[in-house]
Structure formats: structure tokens, C-alpha cells
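S.K.: No letters, just coordinates:
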């Protein structure tokens, strides 16, 4: 039987002015009326909670350049971001303790449930909407102004990725 920790001890740890008798806690525990939750809300704490601000930043940047993400693409992106990092080790450790999955590949990656909870936790920063269709006629969007804006914003990155090559003389 797990040891009941008095609310008084918890209150003293977090410097809260609060007191309750231990008999009250035992009585609630015997009635199965005692609800225990973590400080960040009910349920388990995500092992990727510390990296979520970086994930949000990437998603915001992708939306700024008009890159739409389906849930499966977002899950793949997050899995790529954590692959080979300490966060993947934390996820693996968390899943071994808290899930019954036995597939070694499945416990190394996040799933759809994580994506749903991620969106709920970050609902003030990440907004999902139905996809938009864009004009397919290249002549409408390949104007000098649009291309100049792309190169001024991402020129160094696309040059570094060898997508474009900077010429000595302008054309």
C-alpha cells in the first residue's frame, strides 16, 4: 500500500499556508475519494515538455512560409526532432514505465495521442484550421517582388543548402 503523504508536508515544500489533519487524508483515501494530481494538471507529465517551446517555434515558422502540416506530418517532424537526443531517451524511459507497448519502434516515437495533447497544452500558440487551397498558376506568384522577398528572407539558407548559387554579376 503506497504511503500517504500529508498535505501539510506538501504545503511546507511549496511554502503554502495550509494545514489538514492526517486523519482526513486517511479517511478520504479509505473511501477512494482522494484525488492526487501533479502540479501541471491531472495525468502524466510529458517527457518532452521542456522541448515543446522549440516545437511550437518550428510550427509557427512553417506556417509563416505557408507550409501546411497534417497530424501525421507533424508527428513525423517531432519524431525527427527528438531522434538521437536525450529527449528520445526520456520518452523511451517514460513509455517503458507508463505504457504496455512492446514494439521497440513504437516506444521510441510519439504517437497521435501525444499530438492531441500537445495541441491542447499549446492551444494559445498553435491553432489548427482546415487547409487552404492556393493558386496553382505560377505567373500569379512568381513576381519579382515575391522572389526578392524570398531571397531576402531565406537567401542565405537556400544558398547554404545548395538550392541556388549566387552569381558574381546580377542577371
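M.R.: Yep, it's here. On a predicted model such as this, the values are computed, not experimentally measured, just so you know.

S.K.: what's the residue lying closest to residue 117 once chain neighbours are set aside in contact with, if anything?
M.R.: Excluding the flanking residues, the one nearest residue 117 by CB to CB, 6 or more residues apart in numbering is residue 46, at 7.0 Å. Quick note: C-beta positions are derived from backbone N, CA and C, even for glycine. If you count contacts by CB atoms under 8 Å, 6 or more residues apart in numbering, residue 46 has them with 52, 114, 117-118, 121.

S.K.: switch the cut-off to 10 Å
M.R.: By CB atoms under 10 Å, 6 or more residues apart in numbering, the residues touching residue 46 are 40, 52, 90-91, 94, 110, 114, 117-118, 121.

S.K.: got CSV for the residues you listed, with distance to residue 130 too?
M.R.: CSV is the format used below for the contacts of residue 46 (distance: CB to CB, whole Å):
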residue, distance to residue 130
40, 31
52, 24
90, 34
91, 30
94, 33
110, 24
114, 22
117, 21
118, 19
121, 22
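
S.K.: Low-confidence stretches in this structure?
M.R.: Residue ranges of the chain with pLDDT under 70: 1-43, 101-102, 131-138.
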